[in-house]
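> I'll drop the sequence and a predicted model, then ask my questions.
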Amino acid sequence: MKHQSLFEKMSEVIEEKSILKHPFYVCWQKGLLTKAELQKYMKQYYHLESAFPRFQSSVHANCADSEMRKVILKDLVSEEGPATNHVDQLITFSSALGVDKASLENTAAHQNTLEAIDTILGLTSNKNTNSGFAALATYKQQIKDVAVTKESGLKEFYGIDSPEALQFFRTHANKNIAWHELLDSSVTEADYQTVLDSTTALCEAWWHYLDGVTTQDMHMRMAC
């Protein structure tokens, strides 16, 4: 990476605000969530995951470089392609958890979820595409570690182990550095603060979303 120092600073921000440190994920890792709590989470996460192609499309629309747009398009096709559709994979997992497609589609997004989506759309719609590149690089970096943790917890504590049900997490456990590479190719030192601000805002938006599915009872269980 040409801008290694920037990526190191981004990683420091991500580590400080890692969603794996959020009480909801701490409870998940310890097997302290009830099935009903996981179902509630999934109904909200469906909205966040469904919005991800819009985040990608927003960056694509603002990107003037044709070669970069090809990379963005390839990642978008991977997200929504018929054989690799991530939302479809999430629906398959949700079904194994006892939440059918109709329940996902018919459950309204909570205020925290809507605000998180709006924040990320704002970052990815910025005319300075480095804001969007940074936001999605941050998203992908976090989701890889989270996916591995989620699969482990689902197997150990919740009895979900079929390959079909876990495909969503296995897909996201694969390292995706496309957005890091786009950022590295585009950014200049003048944009460093924009990038770090976007990284921070993305992490905070994800925490805000998780706050919306976290109860006081979970905090008490985590403290025991």
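Perfect, I can see it now. Residues are numbered from 1 along each chain as shown.
> Please identify which helix or strand holds Glu204.
helix 192-211 (DSSP states H and E).
> CA-only coordinates of that helix in PDB, if you can.
Backbone C-alpha positions of helix 192-211 (Å, rounded to 0.1, in the frame of the first residue of the first chain) are rendered in PDB as follows:
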ATOM      1  CA  TYR A 192      -6.300  11.900   5.100                       C
ATOM      2  CA  GLN A 193      -8.600  13.700   7.600                       C
ATOM      3  CA  THR A 194     -11.600  13.100   5.400                       C
ATOM      4  CA  VAL A 195     -10.800   9.400   5.300                       C
ATOM      5  CA  LEU A 196     -10.300   9.200   9.100                       C
ATOM      6  CA  ASP A 197     -13.500  11.100   9.700                       C
ATOM      7  CA  SER A 198     -15.400   8.700   7.500                       C
ATOM      8  CA  THR A 199     -13.800   5.700   9.200                       C
ATOM      9  CA  THR A 200     -14.900   7.100  12.600                       C
ATOM     10  CA  ALA A 201     -18.400   7.900  11.400                       C
ATOM     11  CA  LEU A 202     -18.900   4.400   9.900                       C
ATOM     12  CA  CYS A 203     -17.900   2.800  13.100                       C
ATOM     13  CA  GLU A 204     -20.100   5.000  15.200                       C
ATOM     14  CA  ALA A 205     -23.100   4.400  12.800                       C
ATOM     15  CA  TRP A 206     -22.700   0.600  13.300                       C
ATOM     16  CA  TRP A 207     -22.500   1.000  17.100                       C
ATOM     17  CA  HIS A 208     -25.700   3.200  16.900                       C
ATOM     18  CA  TYR A 209     -27.500   0.500  14.900                       C
ATOM     19  CA  LEU A 210     -26.500  -2.100  17.500                       C
ATOM     20  CA  ASP A 211     -27.600   0.100  20.300                       C
END
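> Need the residues that contact it.
6, 9-10, 13-14, 17-19, 22-25, 44, 48, 112-113, 115-116, 119-120, 123, 126, 128, 130-135, 137-139, 142, 183, 187 (Cβ atoms under 8 Å, 6 or more residues apart in numbering). Where C-beta positions appear, they are placed from N, C-alpha and C, glycine not excepted.
> which strands and helices sit next to the helix or strand following it?
Once helix 192-211 ends, the next helix or strand along the chain (criterion: DSSP H and E) is helix 216-223. If you count contacts as 3 or more Cβ pairs under 8 Å, 6 or more residues apart in numbering; DSSP states H and E, helix 216-223 packs onto helix 23-30.
> Give me the next element, helix or strand, following the helix it packs on.
Next along the chain from helix 23-30, counting by DSSP H and E, comes helix 35-62.
> so what does that next one touch, helix or strand wise?
Against helix 35-62 (3+ Cβ pairs under 8 Å, 6+ apart) you get helix 66-80, helix 86-96, helix 101-106, helix 111-124, helix 129-158.
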